[in-house]
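> Here's a sequence, model it:
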Amino acid sequence: MIQSEFNRPQRLDTIGAGESQVQVQAEPNERIALAERFGLKSIDSLAADYRIRRDAQGIIATGHLSARVVQACVITDEPVPAKIEEDFAIRFLPESDGDAGEEEMELSEDECDIVFYSGGAIDLGEAAAETLALALDPYPRSASAEAALRDAGVISEEEAKRLAEESGPFGGLAGLRDKLGKG
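Numbers count the residues shown, from 1 in each chain. Modelled structure (predicted):
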């Protein structure tokens with residue numbers, strides 16, 4: 001098992017057929033390391049409640065992740081606080097040994113995310129960290145982002161659509177024609 005910033009191993013021999021509940025919570029030094037890994041200004045809290053059980057294919061973990069993070073605005077680099085509340089369903093499967101004869105598993109839309117493990121434990125901390133990473137806003141914007149874009153001369157998507165509709169498919173050519181003085 002690769003050591004992560006937020007390591008919470010759950011030994012496989014402690015997971016039975018019945019459902020067990022486990023909570024993991026990141027300590028301050030772990031949150032600092034994860035914030036650096038994910039390019040965040042800070043992670044103020046990170047906790048996950050798991051319900052874990054075995055099934056025929058592996059280990060199923062369902063639950064809820066709660067976090068408070070501060071991201072950087074993609075326009076101004078100002079802090080953008082965010083509260084993450086995310087339900088999850090993860091299927092832990094043993095890593096394959098590289099046999100070419102293994103079947104590929106097809107998943108429907110409502111299936112669990114898959115995390116592979118090796119050895120005698122699954123890492124609930126790393127699974128929580130990955131769930132957090134997937135739940136983050138990829139383009140966080142501060143309240144002053146729009147003004148900064150306007151000041152830089154960037155028009156909004158709505159303005160671009162309006163201009164395109166007003167000028168029609170040959171609007172750009174008409175503007176060129178006018179500049180060349182040919183009417």
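
> Reduced to three states, what does the residue nearest the centre of the chain come out as?
Against the mean C-alpha coordinate of the chain, by CA atoms, centre = their mean, the closest residue is Leu134 at 1.2 Å. Three-state assignment for Leu134 (DSSP: H, G, I helix; E, B strand; the rest coil): helix.

> mind checking how far it is from Ile84?
Separation of Leu134 from Ile84 (CB to CB, to the nearest Å) stands at 10 Å. Heads up, the C-betas are built off the backbone N, CA and C, glycines and all.

> and if you look at Ala135?
5 Å.

> so Cys112 makes contact with Asp87?
No - Cys112 is beyond contact range of Asp87, at 11.6 Å (criterion: CB atoms under 8 Å).

> Compare those two (neighbour count), which wins?
When neighbours are counted by other CB atoms under 10 Å, Cys112 and Asp87 differ, and Cys112 comes out ahead with 18 against 9.

> Report the contact partners of the more buried one.
Residues near Cys112 by CB atoms under 8 Å, 6 or more residues apart in numbering: Ile60, Thr62, Ala89, Ile90, Arg91.

> ranges for the helices of the chain?
Using DSSP state H, the helices found in the chain span residues 28-38, 124-135, 145-151, 157-167, 171-180.

> Please produce a markdown table containing these, extended by mean pLDDT and distance to Gln71.
Shown next, in a markdown table, are those (pLDDT from 0 to 100; distance: least, CB to CB, whole Å):
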| stretch | mean pLDDT | distance to Gln71 |
| --- | --- | --- |
| helix 28-38 | 96 | 9 |
| helix 124-135 | 95 | 11 |
| helix 145-151 | 74 | 12 |
| helix 157-167 | 73 | 21 |
| helix 171-180 | 64 | 37 |
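
> For Ile52, which of those helices is the nearest?
Nearest to Ile52, of all those, is helix 124-135, at 8.1 Å by CB to CB.

> related to what we said a few turns ago, tell me the one of the contacts of Cys112 nearest Lys41?
Ile90 (27.2 Å).

> The closest residue in space to that closest one that isn't next to it in sequence: neighbour count?
Spatially, and ignoring its direct neighbours in sequence, Ile90 is nearest to Ala61 (4.7 Å; CB to CB, 6 or more residues apart in numbering). Residues lying near Ala61 (other CB under 10 Å) number 25.

> tell me which residues form a beta bridge with Ala61?
Ala61 has these beta-bridge partners by DSSP bridges: Ile52, Ile90.
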